[in-house]
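A.B. asks: model the following, please.
(2 chains)
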Amino acid sequence: MEERKIEIKLSGVRKKYKLGSINRRTLQADIQSRWARLRGKEDPNLKIGVDDRHFGETIYALDGIDLTIYKGERVGIIGANGAGKSTLLKLLSQVTAPTEGEIDLFGRVSSMLEVGTGFHREMTGRENIYMNGAILGMSRAEIDAKMDDIIEFSEIGEFIDTPVKRYSSGMYVKLAFAVAAHLNSEILIMDEVLAVGDMAFQKKCLDKMREAAEDEGKTILYVSHNMNTIRRLCRRVIVLNKGKIVFDGDTEEGISAYINFGNSENETHIDLSDKIHSGKRQKTGFRAETLELCDKVSAIYTPEESLKLRIGLDLEKPFSGVRFRLTLRTGDDIGIGTAWTEAMDFESAGKHVFEAELPLEMIAAGSFFVSIGFYRQDEIGRNIPLDHVTRAFKIEVIGSPSWDKNSQGYVRLCFKNSDI
Amino acid sequence: MQQNYHKRITAKHRLLDLKLKEVWKYRELIGLFTKRNVTVGYRQTILGPLWLFINPLLTSIVHLVVFGRIAKLGTEGVPQLLFYLSGNALWAFFSSSGLGNAGTFLSNEHLFGKVYFPRLTIPISVVLSSAIKYAIQMILVFGLLIYYVIAGSVSPNYPAWPLIPVILIWLGLMAMGVGIIISSLTIKYRDLSVLVSFGMQLWLYASPVVYPLSTLSGTLKSVMLFNPVTAPIELYRYALLGVGTVTPLSVAVSVCFTALVLLLGVILFNKVERNFLDTV
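C.D. replies: This next block holds a predicted model:
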């Protein structure tokens, strides 16, 4: 293997943020406080009886990042919200400076942290291409040479001389991507911008980026929560957790590492008393108190796993004929499916532990809200809720490699006699 | 592809690292920003660039009525409309450069937050686009000037005309210095952005724009000599209209002030620019 050229090198990079509002003061208050301190008096702007202990405390959004990325690599960056992904991209895009450490860039960086960065609404598509190119430090001649390719790729066609404020959001993102992908920068940074375009264009973009890396030797950094696009594009994955790199390596291994490094959003021990229960709870004396996702450190599952639940119950009296119900819904509140258990009996009052296991093999990919409930059938066979928690918790099922852009929906349907 | 491109970003910041070389590399961007500033404001308007003439003309007529007719301030024998129009054109250049720059960080927060380029390109392009607007307004001024020269009511100081571009650069640098100092401070103290347009108004009336320095006397005149815009305005009028009071003291004050605010401004600007996103 030929010697690889280093494109990006970070050593000991940290980025500190202050907690609390920075801009809560006016100039007058600042001068007043300083003047009072100068005279040895008490600061008149200190609040009395306010817990100020956390104010001014600092957190490290990035805490000692050492990273080397070589030319032509396609690197995916994944991690939970607040893990430091965006801060890392901001530092690399040079929109903010590190608190400690050094960053060496051996190529020009073109960043797309948001759709249509630097586009001016009143200017036409063509003018904006020039503007965007110039912002990236390119000469007019360089941009002219790429102009036709950009217009063709963007599918904007005759609208190129129309002010971009008249564009649809789809056209906007297409143009923005076309500009970023064609400009002669050596490093391309993308932050989930592809979420906006239509499916066909998303695919085109991913292919274009892969091509840019393979043929032109561009280096690509891509941040996404969508594991499928990460799989499609990246050959190396970096997992961030709390400002530190916890994994750096092969894509599939990285994705499973991400699953194991939980995040606060997808908690596994849930106190149900905080959640909204349906009104009957007090009357029935059947209370679900705690919920635990067994054998997991985060609520991220593969289809091969099972959703194992352990629910702590507190009953005022014995119950019989109780059935447990679990419903999966999407973020848009579309029901995906419901599972019922057989009727069971709780022969004594007091604490009980209920366990259930739901295989996820039919679930393809996506984030789902899980609602749980306990029901009892009345004399004529209707299900009467004893306790019900809507959206008790959220799970994420990450797709398998075979579930790509050509597969639709959330449920894996199987043909008869099919091996897949 | 550039093989030897290398850029190092460190936590340390040298105070005098003004990055002027990088600004020069981005000169095409300055050109584009300038073009944008000039053209975008008049898109989708009926009169378009005609507003560049209408604005100063209306202001000058107001000044003519208020200061010339009602307050009866002298114009050192120069026809009043020409006096106000030329003064207003220069002041408009100064104030739009200053005000435009005072909002650099706040109005470009979105762009600055997403992509890197030398931030100084924005203030420079603001001054350049103000200069272009000034040049367009000067068409009107020159038309009027030719008319009055033929009529024999003004006698310009032609040998001093090469000073006019120097004065423009001088005032432009001063406005930029003041503007970027304010813009660097508005990040932390928003109060300043409210104050700044009012301050510019005050500065106008405290400067010899709507009246000549020669109408003042005593302490007021001595104080006026310390106003840093007095010297360039009087010098400009001396060249263009053949009237004006220029003293070495006021020139020295103005030049020193310009150098100081510019240096301070650029240093402050570069310091703030690195981390402003975390504060804004």
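
A.B. asks: tell me where the stretch 1-150 of chain B has helices.
C.D. replies: Along the stretch 1-150 of chain B, counting by DSSP state H, counting those that start in this stretch, helices occupy B:20-25, B:27-40, B:51-63, B:80-102, B:104-107, B:109-112, B:121-151.

A.B. asks: for the residue of chain A found nearest chain B, give me the pLDDT.
C.D. replies: Of all residues in chain A, A:Gln94 sits closest to chain B, at 3.6 Å by C-beta to the nearest C-beta. Heads up, the C-betas are built off the backbone N, CA and C, glycines and all. Looking at A:Gln94, its pLDDT reads 84.

A.B. asks: quick one, grab the pLDDT at residue 54.
C.D. replies: No chain was given, so I picked chain A. pLDDT, read off for A:His54, is 48.

A.B. asks: sorry, should have said chain B
C.D. replies: pLDDT, B:Ile54: 86.

A.B. asks: that one against B:Thr45, yeah?
C.D. replies: No. Contact criterion C-beta atoms under 8 Å: B:Ile54 and B:Thr45 do not qualify, at 10.7 Å.

A.B. asks: tell me which parts of the stretch 151-280 of chain B are close to chain A?
C.D. replies: Neighbours of chain A within the stretch 151-280 of chain B, by C-beta under 8 Å from any C-beta of the partner chain: B:Leu185, B:Lys188, B:Tyr189, B:Arg190, B:Asp191, B:Leu192, B:Arg274, B:Asn275, B:Leu277, B:Asp278, B:Thr279.

A.B. asks: can you tell me the closest non-neighbouring residue to A:Ile395?
C.D. replies: A:Ala299 (4.5 Å; C-beta to C-beta, 6 or more residues apart in numbering or on different chains).

A.B. asks: cool, and B:Val229?
C.D. replies: Closest to B:Val229 by C-beta to C-beta, 6+ apart is B:Ser207, at 4.9 Å.

A.B. asks: tell me which of the helices of the stretch 1-150 of chain B sits most buried.
C.D. replies: helix B:80-102 (a mean of 24; mean count of other C-beta atoms under 10 Å in any protein chain shown).

A.B. asks: can you tell me which strand in chain A is longest?
C.D. replies: Assignment by DSSP state E gives strand A:383-397 as the longest strand of chain A.

A.B. asks: elements contacting it?
C.D. replies: helix A:281-284, strand A:286-293, strand A:300-301, strand A:319-329, strand A:366-377 (3 or more C-beta pairs under 8 Å, 6 or more residues apart in numbering or on different chains; DSSP states H and E).

A.B. asks: repeat the analysis, applying 6 Å as the threshold.
C.D. replies: strand A:286-293, strand A:300-301, strand A:366-377 (3 or more C-beta pairs under 6 Å, 6 or more residues apart in numbering or on different chains; DSSP states H and E).

A.B. asks: what comes up buried for the first one?
C.D. replies: Applying a neighbour-count criterion of 16 or more other C-beta atoms under 10 Å in any protein chain shown, the buried positions in strand A:286-293 are A:Phe286, A:Arg287, A:Ala288, A:Leu291, A:Glu292, A:Leu293.

A.B. asks: what angle separates that strand from strand A:383-397?
C.D. replies: Orientation check (axes from the mean of the first three to the mean of the last three C-alpha atoms, to 10 degrees): strand A:286-293 against strand A:383-397 gives 10 degrees.

A.B. asks: give me the contact list for strand A:286-293.
C.D. replies: Defining contact as C-beta atoms under 6 Å, 6 or more residues apart in numbering or on different chains, one finds that strand A:286-293 is touched by A:268-270, A:272, A:299, A:310-315, A:386-387.

A.B. asks: next step: those restricted to helices.
C.D. replies: Among these, no residue falls in helices (DSSP state H).

A.B. asks: now list the buried members of those residues.
C.D. replies: Going by neighbour count (16+ other C-beta under 10 Å), these have A:Ile270, A:Leu272, A:Ala299, A:Ile311, A:Gly312, A:Leu313, A:Asp314, A:Leu315, A:Leu386, A:Asp387 buried.

A.B. asks: now, which of those sits nearest A:Cys205?
C.D. replies: Ranked by distance to A:Cys205 (C-beta to C-beta), those are led by A:Ala299 at 29.8 Å.

A.B. asks: please compute how far the top helix by length along chain A lies from its chain's middle.
C.D. replies: Secondary structure of chain A per DSSP H: the longest helix is helix A:199-215. Distance of helix A:199-215 from its chain centroid, counting by C-alpha atoms, centre = their mean, to the nearest Å, is 21 Å.

A.B. asks: so which elements touch it?
C.D. replies: In this structure, helix A:199-215 packs against helix A:227-233, with contacts taken as 3+ C-beta pairs under 6 Å, 6+ apart.

A.B. asks: need the contact list for the residue in the stretch 51-200 of chain B positioned nearest to chain A.
C.D. replies: Going by C-beta to the nearest C-beta, chain A is nearest to B:Tyr116 of the stretch 51-200 of chain B, at 3.6 Å. For B:Tyr116, the contact set (C-beta under 6 Å, 6+ apart) comprises A:Ser93, A:Gln94, A:Val95.

A.B. asks: redo the residues you listed as CSV? Include neighbour count and secondary structure.
C.D. replies: Formatted as CSV, these follow (neighbours: other C-beta atoms under 10 Å in any protein chain shown; DSSP: H, G, I helix; E, B strand; the rest coil):
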residue, neighbour count, secondary structure
A:Ser93, 22, coil
A:Gln94, 17, coil
A:Val95, 21, coil
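
A.B. asks: any idea what A:Asp271 is bridged to?
C.D. replies: Counting by DSSP bridges, A:Asp271 forms beta bridges with A:Thr290.

A.B. asks: could I get the pLDDT score of it?
C.D. replies: Note for A:Asp271: predicted pLDDT of 75.

A.B. asks: kindly provide the distance from it to A:Lys308.
C.D. replies: Per C-beta to C-beta, to the nearest Å, A:Asp271 is found 18 Å from A:Lys308.

A.B. asks: quick one, which of these two is more surrounded?
C.D. replies: For the pair A:Asp271 and A:Lys308, the greater number of neighbours falls to A:Lys308 (15 against 11), based on other C-beta atoms under 10 Å in any protein chain shown.

A.B. asks: excluding its backbone neighbours, what's nearest the more buried one?
C.D. replies: Nearest to A:Lys308 is A:Cys294, by C-beta to C-beta, 6+ apart, at 3.9 Å.

A.B. asks: ramachandran coordinates for the one you found?
C.D. replies: Taking degrees, to the nearest 10, you get phi -70, psi 150 for the backbone angles of A:Cys294.

A.B. asks: my guess is A:Ala257 contacts A:Phe247, does it?
C.D. replies: Yes. In this structure, A:Ala257 is within contact of A:Phe247 by C-beta atoms under 6 Å, at 3.9 Å.

A.B. asks: quick revisit: need the buried residues of strand A:286-293 in a markdown table (columns: pLDDT and distance to A:Leu105).
C.D. replies: Shown next, in a markdown table, are those (pLDDT from 0 to 100; distance: C-beta to C-beta, whole Å):
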| residue | pLDDT | distance to A:Leu105 |
| --- | --- | --- |
| A:Phe286 | 85 | 61 |
| A:Arg287 | 84 | 58 |
| A:Ala288 | 85 | 54 |
| A:Leu291 | 86 | 47 |
| A:Glu292 | 85 | 46 |
| A:Leu293 | 84 | 42 |
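
A.B. asks: give me the beta-bridge partners of the residue nearest to A:Ser93 when sequence neighbours are not counted?
C.D. replies: Leaving aside its sequence neighbours, A:Ser93 sits nearest to A:Ser111 (C-beta to C-beta, 6+ apart; 3.8 Å). Beta bridges link A:Ser111 to A:Ile189, judged by DSSP bridges.

A.B. asks: show me what contacts A:Ser111?
C.D. replies: Neighbour list for A:Ser111: A:Ser93, A:Ile189, B:Val115 [criterion: C-beta under 6 Å, 6+ apart].
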